[in-house]
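**Q** Only the shape, not the letters, is given here:
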């Protein structure tokens, strides 16, 4: 039977979702597909290329630009879509963070963030910089959020029952107020700060960069 | 000879700096110290605890609060100090990102970010949320920046000489303008966006959270 590229990719996604990034090796993938490791290399010359393709698949929902006509909604929508895409797969945030550095992904997510700025009056230069800032924020947030959620899941297997009267202990953040402990509230707050920062930049488009 | 906790920690830092996070295992650490793995567990009951201590060491320069009397300078100084601390050790950003989720570190870095807000008029709740947003941004930025720098270093060993007339190719970002390609400019721009967002929040301290 001919091993197709799509089969390899589906197999990789299945291992990622079930066992996590650490278990996604070429050897293990070959075993799960019932082929020799060499058969994989015909489609993906190395593991980095395979991971790039997995990232493309994770981010495929991001490849349509936002259709809102408000710049702040465009940034917000893209950021929420990116967060949801990363959280939808086990270790998704960690994988995309690591692969983003290698620039092996062909995803247009960064370009859509840039367009959200240039379409509404930011210079190309500022829009590029704003896109990076927002991407880094979303990646940093979701890496922590997902690691925490996965740890909770593991911990839940061995942890003694907790009184329903002390919900703040469940998050392991009894030193914090409940609002800061809710990852969605936390995500939205930081997103609003960046958008307010961009708003200030749009209000004075000729403001010099601090470093220029 | 008595194996001291400080020796174990110094040995771990040495492996991290020379070989990176993937090589920092209890077994390898024991070998490098000339002891049996069991000897390490007297000081660190598991690898997570050891990594928490390594993170504390990486972040020890952050344990003095900022001494400026301007809130924007306080955030900026803390963010720059955090970035420098993470970049000072191989895989430092990745290690701190991963360990931050486990909350195994005893570093007060988060608390200093919170204090930068509460000292200058943000509510405790907003200061907590702002601290997370800034931490996530710095972590997301430095993970990418450091991964890229380390890849460049590896690539430099096998790459053909590049004409000095095309410096943008060295960064591997010929599709971008040079300014967005400079990690320090990039870092400062996102930091300024964040600080401008806080400024907007301070100007209207009673503005409701979007989610409330």
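**A** Looks like it arrived, so ask away. The structure presented is a predicted model; accordingly, all values stated were derived computationally and were not measured.

**Q** C-alpha only now, for contacts and for neighbours.
**A** Will do.

**Q** show me what contacts residue A:116?
**A** Shown in contact with residue A:116 (C-alpha atoms under 8 Å, 6 or more residues apart in numbering or on different chains): A:71, A:74-75, A:127.

**Q** Make CSV out of the residues you listed and add distance to residue A:181, pLDDT and neighbour count.
**A** As requested, the contacts of residue A:116 are exported to CSV (distance: C-alpha to C-alpha, whole Å; pLDDT from 0 to 100; neighbours: other C-alpha atoms under 10 Å in any protein chain shown):
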residue, distance to residue A:181, pLDDT, neighbour count
A:71, 29, 90, 20
A:74, 26, 93, 21
A:75, 24, 94, 26
A:127, 31, 93, 23
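
**Q** how about the residue nearest the centre of chain A, secondary structure?
**A** Nearest residue to the geometric centre of chain A (C-alpha atoms, centre = their mean): residue A:86, 3.7 Å. Three-state call for residue A:86 (DSSP: H, G, I helix; E, B strand; the rest coil): helix.

**Q** Tell me the buried residues in the helix or strand that contains residue A:200?
**A** Using DSSP states H and E, residue A:200 sits in helix A:183-203. Across helix A:183-203, burial judged by 16 or more other C-alpha atoms under 10 Å in any protein chain shown covers A:183, A:185-202.

**Q** And the residue nearest to the centre of chain A, how close does it get to residue B:187?
**A** Using C-alpha to C-alpha, to the nearest Å, one gets 23 Å for the distance from residue A:86 to residue B:187.

**Q** With residue A:3 instead?
**A** The gap separating residue A:3 from residue B:187 is 44 Å, by C-alpha to C-alpha.

**Q** can you tell me which helix in chain A is longest?
**A** Secondary structure of chain A per DSSP state H: the longest helix is helix A:124-158.

**Q** Just the buried positions in that one, please.
**A** A:124-149, A:152.

**Q** mind checking pLDDT for residue A:212?
**A** Here the pLDDT value assigned to residue A:212 is 34.

**Q** give me every residue that touches residue A:93.
**A** A:86-87, A:139, A:142-143, A:146.

**Q** cutoff 10 Å now
**A** By C-alpha atoms under 10 Å, 6 or more residues apart in numbering or on different chains, residue A:93 lies in contact with A:55, A:58, A:82-87, A:99, A:138-147.

**Q** Go back to those residues and keep what's next to chain B.
**A** With the criterion set as C-alpha under 10 Å from any C-alpha of the partner chain, the members of the contacts of residue A:93 near chain B are A:99, A:138-147.

**Q** Hmm, residue B:190 and residue A:129 touching each other?
**A** Yes - look at residue A:129 against residue B:190 with C-alpha atoms under 10 Å: they come within range, at 7.1 Å.

**Q** How about stretch A:21-33 and chain B, any contact?
**A** No - applying C-alpha under 10 Å from any C-alpha, one finds stretch A:21-33 separated from chain B by no less than 11.2 Å.

**Q** Can you spell out the domain ranges of chain A, please?
**A** With domains defined by automatic domain parsing, chain A comprises A:1-45, A:54-203.

**Q** how much does the strand or helix carrying residue A:82 deviate in direction from helix A:124-158?
**A** Using DSSP H and E, residue A:82 falls within helix A:71-87. For helix A:71-87 against helix A:124-158, the angle by axes from the mean of the first three to the mean of the last three C-alpha atoms, to 10 degrees is 40 degrees.

**Q** orientation of helix A:71-87 relative to helix A:183-203 in degrees?
**A** Comparing the axes of helix A:71-87 and helix A:183-203 via the same axes, to 10 degrees yields an angle of 150 degrees.

**Q** Can you identify the element that follows helix A:71-87 toward the C-terminus?
**A** Following helix A:71-87 in sequence order, the next helix or strand is helix A:92-102 (DSSP H and E).

**Q** Least confident secondary structure element in chain A?
**A** Every helix and strand in chain A was compared by mean pLDDT, DSSP states H and E; the lowest is helix A:167-170, with a mean of 34.

**Q** picking up where we left off before, for the contacts of residue A:116, which one is nearest chain B?
**A** Nearest to chain B among those: residue A:127, at 9.4 Å, using C-alpha to the nearest C-alpha.

**Q** right, and the closest one touches residue A:75 too?
**A** No - applying C-alpha under 10 Å, one finds residue A:127 not in contact with residue A:75, separated by 11.1 Å.

**Q** Name the residues contacting each of those two.
**A** Each of A:113-117 lies in contact with both residue A:127 and residue A:75 under the rule C-alpha under 10 Å, 6+ apart.

**Q** which of those are buried?
**A** Counted by 16+ other C-alpha under 10 Å, these give A:113-117 as buried.

**Q** Which ones among those lie within helices?
**A** Short answer: those in helices (DSSP H) are A:113-117.

**Q** can you name the two of those that are farthest apart?
**A** A:113 and A:117 (6.9 Å; C-alpha to C-alpha).

**Q** Common neighbours of those two, please.
**A** A:74-75, A:127-131.

**Q** pLDDT score assigned to residue A:112?
**A** pLDDT, read off for residue A:112, is 89.

**Q** and it, what is it in contact with?
**A** Contacts for residue A:112 (C-alpha under 10 Å, 6+ apart) come out as A:62-66, A:74-75, A:78, A:118, A:131.

**Q** and chain B, which of those reach it?
**A** residue A:131.

**Q** so which of the contacts of residue A:112 would you say is closest to chain B?
**A** Using C-alpha to the nearest C-alpha, the contacts of residue A:112 come closest to chain B at residue A:131, 9.0 Å.

**Q** Quick one: end-to-end distance for stretch A:117-132.
**A** This stretch, stretch A:117-132, spans 12 Å end to end (C-alpha to C-alpha).

**Q** Go ahead and confirm residue A:44 touches residue A:12.
**A** No - with contact defined as C-alpha under 10 Å, residue A:44 does not count as touching residue A:12 (11.7 Å).

**Q** and of the domains of chain A, who's closest to residue B:22?
**A** domain A:1-45 (11.2 Å).

**Q** If you count contacts, what does the host helix or strand of residue A:40 end up packed against?
**A** Element membership for residue A:40, per DSSP H and E: helix A:37-41. Taking 3 or more C-alpha pairs under 10 Å, 6 or more residues apart in numbering or on different chains; DSSP states H and E as contact, the helices and strands that helix A:37-41 lies on are helix A:5-19, helix A:26-33, helix A:47-58.
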